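Student: Based on what follows, work out the 3D shape:
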Amino acid sequence: MEPGSERGGAAAAEWEMLTLRGLAMTDETASEFTGILVIHRAGSPEAVENVRVRVKRSVLEEMAGAVRHVLARSTPYT
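Tutor: Here you go, the predicted model:
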């Protein structure tokens, strides 16, 4: 089943993000990046999905800020 194919259902699928591999610039301006998003359907014995993604720099900057904020407010795992 393709990620995101269950839209509008009563029990939408929940995906676990495992990693983002091979993130690289698409050109010398570094305005876009490509990579492979590795995800897994939560609670499923099915194999992981590898999804090729293209991400704008502004989105990465926004995500970086959000992650910094969440990590700063949370208790480190020990």
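Student: And for residue 51, nearest residue in space, chain neighbours not counted?
Tutor: residue 37 (4.6 Å; CB to CB, 6 or more residues apart in numbering). All C-beta spots, glycine's among them, are computed from the backbone N, C-alpha and C.
Student: Give the bridge partners for the one you found, please.
Tutor: For residue 37, the beta-bridge partners under DSSP bridges are residue 20, residue 51.
Student: Just confirm residue 17 is within a strand.
Tutor: Yes - counting by DSSP: H, G, I helix; E, B strand; the rest coil, residue 17 is located in a strand.
Student: The residue nearest to residue 51 touches residue 54, doesn't it?
Tutor: No - taking contacts as CB atoms under 8 Å, residue 37 lies outside contact range of residue 54: 10.5 Å.
Student: Compare neighbour counts for those two and give me the winner.
Tutor: residue 37 (18 against 10; other CB atoms under 10 Å).
Student: Report pLDDT for the more buried one.
Tutor: Residue 37 is assigned a pLDDT of 95 by the prediction.
Student: Give me the nearest residue to residue 32, chain neighbours excluded.
Tutor: residue 26 (4.5 Å).
Student: make that residue 22, sorry
Tutor: residue 35 (4.9 Å).
Student: Likewise for residue 31?
Tutor: That would be residue 57: by CB to CB, 6+ apart, it lies 5.2 Å from residue 31.
Student: Count the neighbours of that neighbour for me.
Tutor: 13.
Student: what sits against the residue nearest to residue 51?
Tutor: Counting by CB atoms under 8 Å, 6 or more residues apart in numbering, residue 37 touches 17, 20, 50-53.
Student: Out of those residues, which is nearest to residue 44?
Tutor: Comparing these against residue 44 with CB to CB places residue 17 closest, at 14.4 Å.
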